[in-house]
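# Just the structure for this:
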Amino acid sequence: MSAENFKALVLRQVDGRTIAAVETLSSADLPDGDVLVAVEFSTVNYKDALAVTGKGKIVRTWPMVPGVDLAGSVLESSSERYRSGDRVVLTGWGVGERYWGGYSQRQRVRSAWLVPMAEGLDSRRAMAVGTAGLTAMLCVMALEDAGLSPDQGTVLVSGATGGVGSIAVAVLAKLGYSVAALTGKRDAHAYLQALGASEVVFGPEWSEAPKPLEAQRWAAAIDTVGSRVLARILAEIHYGGAVAACGLAGGAELVTTVMPFILRGVRLLGVDSVLCPYARRLAAWQRIARDLPREALDRAGQRVVGLAEVPQVCTELLERKVQGRVLVDVNA
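Residues are numbered from 1 along each chain as shown. Reported below is the predicted structural model:
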């Protein structure tokens, strides 16, 4: 293979079916952009799994190189912000959906989508964090902006064994918060406690519709689930508390009342990581480097696969057979 050629996982649509295959491409095949990146690692997210398997309406243009995250170094740049050799991270912005993404040894992207690699991180660790970790940190920052401090009481994290939830638990614990981890997995107690959770919460009431107002239990919360779980969280938040909502693993609907908002002054804070502005994104990555314990990622587990293995991993992820983070070494 010549220096101009490289490998990428390419999705094509054939007779209405999504076909994923590793192909040899050249720089001429890459989309427009002002920065060419030598990709080192990507990761497998739920959105990636839907795209690669064709089981979700994720891909907007064909053919597509999936992978919503990437990390590596700059090869060429016509942007004043980056020079050859700079270490960079990219998450969000529709990459892997509308624009070619991280499952490629090289990728050309827009400089506005990139952030410099935070000091203390490398490509592998950044992708062990990925979109999930960025979202978790943005949730923590949203609660801090709302005035949350460790002395106010326990913070609840829903979907606590997931990518966002587990990193949120670890970060909050390191920052000195008492953290309650909500999970439906009874065998996850030891794992969540090792991440720093002081309490593990579960029970049948979390699948039931709550009263408009329940007993006040939580100073604040980070919710990744939505639906009835978010409705119950809102009904249980302390007076003046806040909830950072970033996910819909349990459903997009939210059946609740205005009672928590008008009688307890509860705030519902929406958190988005896809179109998050540069300054906020940069600050979040710097906080990740500082406030996410290294051992938290080790406990979560990191499986490393090559490009050819990605389709099988995506199938396993949708079948709930994957535990921990799956990293993609595009050069393996």
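
# tell me the mean pLDDT for the strand or helix carrying residue 72?
Element membership for residue 72, per DSSP states H and E: strand 69-77. Strand 69-77 carries an average pLDDT of 98.

# Okay, now the sheet partners of it, with direction.
Take DSSP bridges as the rule and strand 69-77 pairs in its sheet with strand 35-43 (antiparallel), strand 87-91 (antiparallel).

# And the next helix or strand past the longest one?
Going down the chain from strand 35-43, the next helix or strand is helix 46-53, by DSSP H and E.

# and the strands paired with strand 69-77 as JSON lines, adding mean neighbour count?
(Each C-beta comes from the backbone N, C-alpha and C, glycine too.) As requested, the strands paired with strand 69-77 are exported to JSON lines (neighbours: other CB atoms under 10 Å):
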{"stretch": "strand 35-43", "mean neighbour count": "25"}
{"stretch": "strand 87-91", "mean neighbour count": "26"}
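
# Tabulate those strands (a markdown table), appending distance to residue 256 and mean pLDDT.
Below are those laid out as a markdown table (distance: least, CB to CB, whole Å; pLDDT from 0 to 100):
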| stretch | distance to residue 256 | mean pLDDT |
| --- | --- | --- |
| strand 35-43 | 33 | 98 |
| strand 87-91 | 30 | 98 |
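
# can you list those strands in a markdown table and add distance to residue 101?
What follows is the strands paired with strand 69-77, written out as a markdown table (distance: least, CB to CB, whole Å):
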| stretch | distance to residue 101 |
| --- | --- |
| strand 35-43 | 7 |
| strand 87-91 | 8 |
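
# Residue 176 is nearest to which of those?
strand 87-91 (27.1 Å; CB to CB).

# just to revisit the earlier point, between the strands paired with strand 69-77, which gets nearest to residue 202?
Evaluated over the strands paired with strand 69-77, closeness to residue 202 peaks at strand 35-43, with 27.8 Å, by CB to CB.

# then that closest one to CSV, C-alphas only?
C-alpha atoms of strand 35-43 as CSV (Å, rounded to 0.1, in the frame of the first residue of the first chain):
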residue,chain,number,x,y,z
VAL,A,35,-7.3,19.8,8.5
LEU,A,36,-6.0,16.3,7.6
VAL,A,37,-5.7,14.1,10.6
ALA,A,38,-3.7,10.9,11.1
VAL,A,39,-6.3,9.0,13.2
GLU,A,40,-5.0,6.7,15.9
PHE,A,41,-8.0,5.7,17.9
SER,A,42,-11.8,5.9,17.7
THR,A,43,-14.4,4.2,19.8
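
# For it, what is the distance to the chain centroid?
Its chain's C-alpha centre and that of strand 35-43 lie 17 Å apart, by CA atoms, centre = their mean, to the nearest Å.

# Would you mind getting the angle between it and helix 46-53?
100 degrees (axes from the mean of the first three to the mean of the last three CA atoms, to 10 degrees).

# Contacts for stretch 261-271 next, please.
135, 138-139, 142-143, 146, 213, 216, 234, 237-246, 260 (CB atoms under 8 Å, 6 or more residues apart in numbering).

# Low-confidence ranges, this protein, go.
Counting by pLDDT under 70, the chain has low-confidence residues at 1-3, 300-301.

# Could you list the domains of it?
Domains of the chain are assigned by automatic domain parsing as 5-117+301-329, 131-270.

# To residue 278, which of the ones you listed lies closest?
Nearest to residue 278, of the domains of the chain and by CB to CB, is domain 5-117+301-329 at 6.9 Å.

# doesn't residue 8 make contact with residue 23?
Yes - under the criterion of CB atoms under 8 Å, residue 23 makes contact with residue 8 at 6.1 Å.

# Compare the two and say which is more crowded by neighbours.
Just comparing residue 23 and residue 8: by other CB atoms under 10 Å the higher neighbour count belongs to residue 8, 26 against 16.

# residue ranges for the helices of this structure, please.
Assigned by DSSP state H, the helices in the chain fall at 46-53, 123-145, 163-174, 189-195, 227-236, 259-263, 278-291, 294-300, 310-318.

# Could I get the contacting residues of the residue nearest the centre of the chain?
Nearest residue to the geometric centre of the chain (CA atoms, centre = their mean): residue 132, 1.8 Å. Residue 132 makes contacts with 45, 162-164, 167, 325, as judged by CB under 8 Å, 6+ apart.
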